[in-house]
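Asker: Provided below for reference: sequence and predicted model.
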Amino acid sequence: MTLEELQHRLADLSPVLAPLFSLEFGDAVIGVEHDKIVATAEELKSIGFDRLGMVTAVDRGEFFTMVYRLQSRSLTSAIFMKTKVDRDDARIDSLCGVWPAANWQEREVFDLFGIVFEGHPDLRRIMLPDDFVGHPLRKDYDDPRVIKRPDYI
Amino acid sequence: MTLQVESRSATISEDGLPVEELIVNVGPSHPSTHGVGRVVVHLDGDVVVKADMIVGYLHRGIEKMAENRTYLQIVPLTDRLDYVGSMYANWAYCRTVERLAGIRVPERAEYLRVITCELQRIASHMMGIGSAAGDTGATTMFMYAFDVRDRVIEFFEELCGARLTYNYVRPGGVSFDTPEGWTDRVLRYTAAVRADLDEMDKLFFGNSIARGRMKGIGVLSAEDAIAWGASGPTARGSGVVWDLRKHDPYSVYPRMEFDVIVGDNGDAYDRNRVRLLECYESARIIEQAIAQMSPGPVKADGLARLIAPPPGDAYDHIESARGSLGVYLVADGSPRPYRMKVRSPAFCNLALLPVLAVGHTFADLIVVLGSLDPVFGEVDR
Amino acid sequence: MNSFLYGMLVGLVAGLVIALAALVGVWAERKVSARIQLRYGPQESGWFGLLQTLADTIKLVLKEDITPTQADVPIFRMAPLLVFVPCAAALSVIPFATGWAPFNIASSTLFFLAVPALSVIGVLVAGWSSRNTYASIGGIRGATQMISYELPRTISVLALCVLAGSVSAVGVHDAFRWWWLPVNAIGFLVYFIASIAELNRGPFDLPEAESELVAGYFADYSGIRWAIFMMVEYGGMVAASLFGTAVFFGGGLGVRGPLGAVIYAAIAASIAFAMLWVKWTYPRMRPDQLMNLAWKVLTPMALVQLMLAGIFAAVIS
């Protein structure tokens, strides 16, 4: 299904979500409010996006962008769901109740970014040792052992 | 010793008889060649009550390292993600870069990518089935599978000089064209490999002891497979008909004819058997690709040495031997990515182990782990 | 000759036979498994790698003798012998020629089948004295397996005793008739499978290969003590093959003289080869599937064989 078709389909199926739809770099994106994430996810799941493919975060300086990618076998297309998370109070609702696939992926984001997922059944560090201090994928993570390459390369 | 008793946890009383739960630690170094993963198993007698999978022993911070390297320098990093299948790890990354930067890949390069990726799929599945067989004690099957795999690796050595981490698929094409006679040798191999696969099918999958060890173990229903985000043979073994090569086609796959192999029961036997049967399909695709390929350039024209895509983000994925391997790149206009995220199929599939192992005996836990086919380089990144 | 001296001589020879069996057996296993797996196996030391096992034995003998401090030391050290001696004793009652076995006892088939049961104590004690939880569990599993498989093995051989009208191995050996071969086919199959399980070999090696996951009963043994366990495995294989040939095939199929000896050796070698072959072809069985096989499949088959033998014996007489 092409992106225009997807947009039309979304307009038919969910008038709530249709206005949030945008196109970025050839991908369909729905930008949602921070506290509406679970409601939007359930709405998208009921439309036909039955698979959660990817959960990740990007550190944008003042805030984090949470990026979720959902796939639909019936609609044969995929959609991104993006939301902003405040940097100082990095919390967001967990999607484990909607798709169990979010379990380990959210743990990874917690581990590497420090974003707390409320409602997650088992939020612990997954990649790094349990006693590790800090969240490495943040842009302000400072460790003397990190080697920065010179800019002229 | 790989196994230590960590502690005996609180007593659970049943019918007035005190019963203790035994906590057993498996790994991180086990003899079954899956890599470094640790499972903390709670046993009630011989039955698994809880299996906690602990990963991260091979975490090297590849995503963080990628923020400090140019787009071309990241290609060797992606090799080391799924080191059993470097070709398609390279390819997933290169597709995303090409999408971001708007690079068109020449046709011959696309065909070469398909040929090497399908050869890699055969090699990776042989590793998966071989280790799964070795776990159950069929060492001979392990050796046969590695014989098939070794011949593929020799082809790769002729092609790009390396046996394991190839650095072959680059943004804009591939790095080298095929040496003389390479495609003929590959065709001879694909003709001969079918007989080897038949033999392995009879030796291991037809064996009643092997069936007893794997049938009915670790049953994953189709709904659970989708809800837990499983992909690849893990999901297809449960009857989920989803293969990115057919249902979200990319590159020159629309021109190839092949079947999507799907299992019935979702147990360990089906998952492993799907892997074996996919090798036949890969042989078919390779033959078609070699027939359709025509001479031409293997690198995109006018490619800058320092690729600096305009700001934005993109995601692209391929069907790797483990499932849908995707790379999400955020570019900021500089020659280095702002963020690289690898959507690792082995990581998502491995999340199923705590769910599938419960209720089976301890020996079955290892069989389930083998059927999920994790490669810890990809799980941990 | 004084019977005491004779006994000592037989014991010495039996011990040497087990050592030789281990030497050749390990080499054969490595070569056979290698060829099945598309490899070559030992090639460097000696012709066709024949001296490889000798090199390994020298290495083992020179290793440091480690006894865990938490182990029950006298029993820990005695366990390998407890496993070795019954096997050597069993070798001494096998008929090697018409009317002759090193010890021609009246009830020698029962002796052969019952005395190696004492090795079960050795296995249990080896696991227990290591004072290591997983060694104990491995020992108990091994012991359970060995005890379970004794039943079908014994019944299958008893079928032959019924046909021969004698419980002495020499008596069974001498009473061989050509039509025993088809009649005892089921019994031989049961004997073969049960022997493999008794020896903790092949598809039934969970107590040992459980040392991949869990430490097996001889995990804390190293050097020559471990080598003794291995020797008993191969010695037991040789003993089972020789005894099987002697009673099921009447030694040299009833042929006398040197040709009979050659046939005897050839059949025994084929049975041993088949044991090696089976190990490298099949995966391992799970413990519950193993017990299932013993009690629900092999024991009924052996009982059927016993009935068949009884019917034939009654018809003949």
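Answerer: It's in. Quick caveat: nothing in here was measured; it's all calculated off a predicted structure.
Asker: going forward, measure contacts between C-alpha atoms and count neighbours the same way
Answerer: Noted.
Asker: who in the stretch 251-381 of chain B is up against chain C?
Answerer: By Cα under 8 Å from any Cα of the partner chain, the residues of the stretch 251-381 of chain B that approach chain C are B:A363.
Asker: residue boundaries of the strands in chain A?
Answerer: Along chain A, counting by DSSP state E, strands occupy A:21-24, A:27-31, A:51-59, A:63-72, A:77-86, A:91-93, A:116-118.
Asker: for B:T183, report the pLDDT, please.
Answerer: Confidence at B:T183, expressed as pLDDT, is 90.
Asker: now it: how far from A:R91?
Answerer: In this structure, B:T183 and A:R91 are 54 Å apart, going by Cα to Cα, to the nearest Å.
Asker: try C:R77
Answerer: The gap separating C:R77 from A:R91 is 62 Å, by Cα to Cα.
Asker: the residue of the stretch 51-200 of chain C found nearest chain A: neighbouring residues, count only.
Answerer: In the stretch 51-200 of chain C, the residue that lies nearest chain A is C:Y134 (28.2 Å; Cα to the nearest Cα). By the measure other Cα atoms under 10 Å in any protein chain shown, the count of residues near C:Y134 is 23.
Asker: which element is it on?
Answerer: According to DSSP states H and E, C:Y134 maps onto helix C:133-164.
Asker: in that helix, what counts as buried?
Answerer: By 16 or more other Cα atoms under 10 Å in any protein chain shown, the buried positions in helix C:133-164 come out as C:133-143, C:145-146, C:148-164.
Asker: helices and strands around that helix, which ones?
Answerer: Counting contacts by 3 or more Cα pairs under 8 Å, 6 or more residues apart in numbering or on different chains; DSSP states H and E, helix C:133-164 is packed against helix C:108-114, helix C:118-129, helix C:169-174, helix C:185-198, helix C:206-213, helix C:223-248, helix C:287-292, helix C:299-316.
Asker: redo these as CSV? Include mean pLDDT and distance to B:F205.
Answerer: As requested, these are arranged in CSV below (pLDDT from 0 to 100; distance: least, Cα to Cα, whole Å):
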stretch, mean pLDDT, distance to B:F205
helix C:108-114, 88, 36
helix C:118-129, 85, 34
helix C:169-174, 84, 41
helix C:185-198, 90, 22
helix C:206-213, 62, 20
helix C:223-248, 87, 29
helix C:287-292, 84, 18
helix C:299-316, 88, 26
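Asker: wait, which of those helices is closest to C:A88?
Answerer: helix C:223-248 (8.1 Å; Cα to Cα).
Asker: and the residue of the stretch 51-200 of chain C found nearest chain B, what's its pLDDT?
Answerer: Residue nearest to chain B within the stretch 51-200 of chain C (Cα to the nearest Cα): C:T133, separated by 8.1 Å. Note for C:T133: predicted pLDDT of 70.
Asker: find the nearest non-adjacent residue to B:A89, please.
Answerer: Sequence neighbours aside, B:T78 is the residue nearest to B:A89 in space, at 5.8 Å (criterion: Cα to Cα, 6 or more residues apart in numbering or on different chains).
Asker: which residues touch C:G122?
Answerer: C:A79, C:P80, C:L81, C:L82, C:V83 (Cα atoms under 8 Å, 6 or more residues apart in numbering or on different chains).
Asker: pretty sure the second one sits against C:R225.
Answerer: In other words, C:P80. Yes: C:P80 lies in contact with C:R225 (Cα atoms under 8 Å); the separation is 6.4 Å.
Asker: settle it for me: which of the two has more neighbours?
Answerer: Per other Cα under 10 Å, whichever of C:P80 and C:R225 has more neighbours is C:P80, with 25 against 22.
Asker: let me know the helix or strand that that one is in.
Answerer: Counting by DSSP H and E, C:P80 is found in helix C:73-91.
Asker: and the angle from that helix to helix C:118-129?
Answerer: Comparing the axes of helix C:73-91 and helix C:118-129 via axes from the mean of the first three to the mean of the last three Cα atoms, to 10 degrees yields an angle of 160 degrees.
Asker: helix C:73-91 relative to helix C:223-248, how many degrees between them?
Answerer: Here helix C:73-91 runs at an angle of 30 degrees relative to helix C:223-248 (the same axes, to 10 degrees).
Asker: up against chain B, what does chain A have?
Answerer: Within reach of chain B by Cα under 8 Å from any Cα, chain A has these residues: A:24-27, A:50-54, A:56, A:58, A:73, A:76, A:99-105, A:126-129, A:136-137, A:148-149, A:153.
Asker: PyMOL command to pick out the buried ones of those residues?
Answerer: Buried subset of the residues of chain A next to chain B, written as a PyMOL selection, criterion 16+ other Cα under 10 Å:
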select buried, chain A and resi 27+50+51+52+53+54+56+58+73+99+100+101+102+103+104+105+126+127+128+136+137
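Asker: filter the residues of chain A next to chain B by proximity to chain C?
Answerer: Counting by Cα under 8 Å from any Cα, nothing from the residues of chain A next to chain B sits close to chain C.
Asker: okay, now the residue lying closest to B:D44 once chain neighbours are set aside: neighbour count?
Answerer: Once flanking residues are discounted, B:D44 sits nearest to B:E21: 5.1 Å by Cα to Cα, 6+ apart. Neighbourhood size, B:E21 [other Cα under 10 Å]: 18.
Asker: centroid-nearest residue for chain C?
Answerer: Centroid-nearest residue in chain C, with Cα atoms, centre = their mean: C:G236, separated by 2.7 Å.
Asker: for the stretch 151-300 of chain B, give me the ranges with low pLDDT.
Answerer: Residues of the stretch 151-300 of chain B meeting the criterion pLDDT under 70: none.
Asker: how about the residues of it near chain A?
Answerer: B:I226, B:A227, B:W228, B:G229, B:A230, B:W242, B:H247, B:D248.
Asker: quick check: of those, which lies closest to chain A?
Answerer: Minimum distance to chain A across these is 3.9 Å, recorded for B:W228 (Cα to the nearest Cα).
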